[in-house]
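Enquirer: Generate coordinates for the sequence data below:
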Amino acid sequence: MLVNLSFIKLSGDVKDNYTKTLKGFRNKDVEWSRLKNVLSNSKVQFTPYMFTDGIKIAKNWDNSKQNMLVLDIDTGLSISECQNKFKKYKYLLGTTKSHQQLKRDTIEDRYRLCIPAINIPTDREVYFRMLALMFPFNDSATESLTGAFLGNDNAIIIYNEGILLDCYKASELAKEQLKNEHREKVVIDKDLLPIYSNNTSLDNIKSVMSDEIVKDILHSMGIEVTGNKFSLRPERTPSIKIYSSGYMKDFGASDSDKFIKGDIIQLVMVELGMSFRDAIKYIANYI
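Expert: Numbers count the residues shown, from 1 in each chain. Predicted coordinates:
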């Protein structure tokens, strides 16, 4: 059995998921039995998605060849609970470097879970809603268009044989939920517009916004920050500068680029394809 993934091989001291990982991703079908070699290598970052030209930015996201789900579980589901929950399904489990280590004041089982699946939706909004419905214990920070994972040299590897997970029912439920929300969205967005234009909600966010929060949000989107600058395109020197309260300007943009200037809210809306309301919720996770 083959599973499709994109990966990049790293060198040097890999400090986190965002170091040297903007471009150079290769897409490949990997033999299921050899996937453990990816999860057991700290110099490899991998993802179940493809990226146009191998550049891992949100607008290049593509899951048309995806046949495997990858989850990041930090809390809420021990390995033994996971084995019981997914005992009838095919999966590969590999522990991360923080497994049974003190993190956020707790010591817990922490691992990646790779599950071959069928009927994976290619509509990004449906796809990520489906993930949230099926796997509430998944780390929501990885549910982004640039979600990727580092292997672990000391990973404990567990394979399980079983049937393929079918995403059809959860996808249909996700579609129905989104349809209902979109019906309400016309009213909700009309209510939000005067608030947004008066900067009421924006001021609340700006009052607590800091450079570190902005960088955390950018990192969650797979965007590497150097000093107070970052880039949304391949370029030698990052051209987008971060100012106070999350304001930023793209000095290297052309008229055809989607993001030229604005704030962190607008950037999240553009890069992750979110509504204003959803962007506020996303940012609130980091404040």
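Enquirer: residue ranges of the helices in this structure, please?
Expert: Counting by DSSP state H, the segments of the chain that form helices are 36-39, 79-85, 124-134, 168-197, 200-208, 211-220, 264-272, 276-284.
Enquirer: Now do the last one against helix 211-220, angle only.
Expert: When axes from the mean of the first three to the mean of the last three CA atoms, to 10 degrees is applied, the directions of helix 276-284 and helix 211-220 differ by 110 degrees.
Enquirer: Show the pLDDT at Val270.
Expert: Looking at Val270, its pLDDT is 83.
Enquirer: For Val44, which non-adjacent residue is spatially closest?
Expert: Once flanking residues are discounted, Val44 sits nearest to Gly151: 4.9 Å by CB to CB, 6 or more residues apart in numbering. For glycine as for every other residue, the C-beta is placed from the backbone atoms N, C-alpha and C.
Enquirer: returning to what we had before: least reliable of the helices of the chain by average pLDDT, please.
Expert: Looking at those, the bottom one is helix 200-208 with a mean of 63.
Enquirer: about what we covered before: can I assume the residue nearest to Val44 is in contact with Asn41?
Expert: Yes: assessed by CB atoms under 8 Å, Gly151 is found in contact with Asn41 at 4.2 Å.
Enquirer: who has more neighbours, these two?
Expert: When Gly151 and Asn41 are compared for neighbours, Gly151 comes out ahead with 23 against 18, by other CB atoms under 10 Å.
Enquirer: Enumerate every residue touching the more buried one.
Expert: Applying CB atoms under 8 Å, 6 or more residues apart in numbering, we find Gly151 in contact with 38-46, 94.
Enquirer: most neighbours, which of those residues?
Expert: Tallying neighbours with other CB under 10 Å puts Gln45 at the head of the contacts of Gly151, with 26 neighbours.
Enquirer: Mind listing the residues bridging to that one?
Expert: The partner list for Gln45 in beta bridges (DSSP bridges) reads Ile8, Leu150.
Enquirer: To what extent is Asn154 buried, counted in neighbours?
Expert: By other CB under 10 Å, the residues close to Asn154 number 10.
Enquirer: How much space separates it from Gln101?
Expert: Distance of Asn154 to Gln101, given as CB to CB, to the nearest Å: 11 Å.
Enquirer: before we move on, what about Phe149?
Expert: Noted for Phe149: a distance of 17 Å to Gln101, by CB to CB.
Enquirer: higher neighbour count, the two?
Expert: Applying other CB under 10 Å to Phe149 and Gln101 shows that Phe149 carries more neighbours, namely 23 against 11.
Enquirer: which residues touch the more buried one?
Expert: Phe149 makes contact with 17, 45-47, 70, 72, 112, 142 under the criterion CB under 8 Å, 6+ apart.
Enquirer: repeat that with 6 Å
Expert: Phe149 makes contact with 46, 112, according to CB atoms under 6 Å, 6 or more residues apart in numbering.
Enquirer: Give me the pLDDT value at it.
Expert: We have a pLDDT of 91 for Phe149.
Enquirer: so how far is Val70 from it?
Expert: Noted for Phe149: a distance of 6 Å to Val70, by CB to CB.
Enquirer: cool, and Leu2?
Expert: Separation of Leu2 from Val70 (CB to CB) stands at 15 Å.
Enquirer: Neighbour count: these two, which is higher?
Expert: More neighbours surround Val70 than the other of Leu2 and Val70, with 22 against 13 (other CB under 10 Å).
Enquirer: So what pairs up with that one in the strands?
Expert: Judged by DSSP bridges, the bridge partners of Val70 are Cys114.
Enquirer: cool, Val30 as well?
Expert: Beta bridges link Val30 to Val3, judged by DSSP bridges.
Enquirer: For it, grab the count of nearby residues.
Expert: Neighbourhood size, Val30 [other CB under 10 Å]: 17.
Enquirer: So it versus Val3, what's the distance?
Expert: Val30 is 6 Å from Val3, by CB to CB.
Enquirer: Also Asn152?
Expert: The gap separating Asn152 from Val3 is 19 Å, by CB to CB.
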